[in-house]
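**Student:** predicted model and sequence follow; I will ask about them next.
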Amino acid sequence: MTLDCVTQLGDGPDDRTRLESWLDQLAVALDPDRLFRPADLRLAVNLGTYQWQRDLADVLRADPFLRPRVIERDGWRDRGRPPAQFTFAPSGLIEHHTACGVAVGHDPATCTAGIIAGVNGTPGPISQLHGTWTPPGVPWRGNNADPRIIITAAGRANHAGDGLYPWGAPAGNGSALGIEWCGPPAVGEWPPIVVKLRQHVTAAILRARRWDAGRVVTHHSYAEPRRPGAKIDPSGPWSRQPTLPRLTPWSVATWRTTITPLLDQEDDMTPEQATQLAAIHAAVTGTATERHADIMHRLGQLPGRQLWARAFRRLAEVIDRDPAT
Ligand SMILES: [Zn+2]
Ligand SMILES: [Zn+2]
């Protein structure tokens, strides 16, 4: 039994069956007569986890704006740091730039090659996704923005380094997807359509994983608490910060405000589902806790499928963080 199965739920009748089955298992696990220990659940959530992100192409192509701009690089489904040596359980994503500095003549294929092979002694893949300004093989001419999102890997990649995820995940490459994007601009600002594509890529992943905009960090904002000044990416002027100097980091808060409107929150949760979820949450964490109140707040504010998934993700976090177990 893993909590992750709940975060993968979709809309279909089979999903309802899977959810009910999972709830039955959890109820059994929570029965004190069966000597349930929270540590068992914690181990079930984390032990030996390596979550290949092989649905990335489907996730991106679900957005009509992205669909014609998605490129799958050969071998991406099986590319990643070795599962025998590393864990991979992404719970958010990091926005980067490659530091290629897109000057006239730049062909993004050179950046894709580096992301796959590794750079400066760091083994590849460097990220799961690579965003471009032009199609591979088409050099930048200063005004021919026609971006693509290239899927380079489904497994763990080397992009994070040390830092702090505001949602509490362990630092490092095992906890986040990485989006490398050609940049910053050599001159002028990030082309609006490039920024728009990045927004849609980010939102598509958040929707599919049932994460809110708080699960997005810039490399700068992630690294800054542990390594002040070490990372600036992504940097440079873009539509919402048009006067930003070329090597000054984007505001992660401003970035998130552009993502939130793209997140779909149209599903509905039934009162029965809400009651059931609240009861399970109370059983795991104890009643009247701050976390319980937060879950209940979310029940009132957010509808449906996403809410289920987020609530259970939070449940997993609560269990995972309990030092008493
Ligand atoms: Zn970076
Ligand atoms: Zn580049």
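**Tutor:** Arrived safely. Ligands and ions are numbered 1, 2, ... in the order given.
**Student:** may I have the secondary structure class of the nearest residue to residue 62 once chain neighbours are set aside?
**Tutor:** Using C-beta to C-beta, 6 or more residues apart in numbering and skipping the chain neighbours, the partner closest in space to residue 62 is residue 204 (6.3 Å). (Glycine included, C-beta is placed from N, CA and C.) Three-state call for residue 204 (DSSP: H, G, I helix; E, B strand; the rest coil): helix.
**Student:** what is the burial count for residue 204?
**Tutor:** 23 (other C-beta atoms under 10 Å).
**Student:** touching, it and residue 65? I think so.
**Tutor:** No - at 9.2 Å, residue 204 does not count as touching residue 65 under the criterion of C-beta atoms under 8 Å.
**Student:** rewinding a little: now do the contacts for the residue nearest to residue 62.
**Tutor:** 59, 60, 62, 63, 66 (C-beta atoms under 8 Å, 6 or more residues apart in numbering).
**Student:** residue 127 versus that one, what's the distance?
**Tutor:** Distance of residue 204 to residue 127, computed by C-beta to C-beta, to the nearest Å: 16 Å.
**Student:** hang on, the earlier thing: by neighbours, which of the contacts of residue 204 wins?
**Tutor:** Neighbour max across the contacts of residue 204 (other C-beta under 10 Å) = residue 60, 23 neighbours.
**Student:** secondary structure element for that residue?
**Tutor:** Per DSSP states H and E: residue 60 is located in helix 56-61.
**Student:** and the contacts of that helix?
**Tutor:** Against helix 56-61 from outside (C-beta under 8 Å, 6+ apart): 66-67, 70, 72, 76, 128-129, 149, 151, 154, 201, 204-205, 208.
**Student:** over to stretch 129-145?
**Tutor:** 56, 71, 98, 102-109, 111-112, 115, 146-152, 177-182, 187, 191, 193-194, 197-198, 201.
**Student:** cool, and stretch 159-174?
**Tutor:** Contacts of stretch 159-174 (C-beta under 8 Å, 6+ apart): 81, 86-92, 94, 96, 126-127, 156-158, 175-176, 178, 180, 214-215, 217, 219, 222-227, 230-231, 317, 321.
**Student:** please repeat the previous calculation with a cut-off of 7 Å.
**Tutor:** 86-89, 91-92, 94, 96, 126-127, 156-158, 175-176, 178, 180, 214-215, 217, 222-223, 225-227, 317, 321 (C-beta atoms under 7 Å, 6 or more residues apart in numbering).
**Student:** and what of stretch 229-245?
**Tutor:** With C-beta under 7 Å, 6+ apart as the criterion, stretch 229-245 contacts 95-97, 99, 181, 183-185, 189-190, 192, 195, 218-220, 223, 246-251, 254, 258.
**Student:** hmm, 6 Å instead?
**Tutor:** 95-97, 184-185, 189-190, 192, 195, 219-220, 223, 246-250, 254 (C-beta atoms under 6 Å, 6 or more residues apart in numbering).
**Student:** could you pull up the contacting residues of the closest residue to ligand 2 within the stretch 151-300 of the chain?
**Tutor:** As assessed by C-beta to the ion, ligand 2 sits closest to residue 182 within the stretch 151-300 of the chain, at 3.2 Å. Shown in contact with residue 182 (C-beta under 6 Å, 6+ apart): 98, 100, 102, 108, 111, 132, 133.
**Student:** do residue 92 as well
**Tutor:** For residue 92, the contact set (C-beta under 6 Å, 6+ apart) comprises 167, 176, 215.
**Student:** what parts of this protein come near ligand 2?
**Tutor:** 98, 100, 108, 111, 182 (C-beta under 5 Å from the ion).
**Student:** put together CSV for these, with distance to residue 51 on each row.
**Tutor:** Listed next are the residues of the chain next to ligand 2 as CSV, based on distance: C-beta to C-beta, whole Å:
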residue, distance to residue 51
98, 25
100, 29
108, 28
111, 26
182, 27
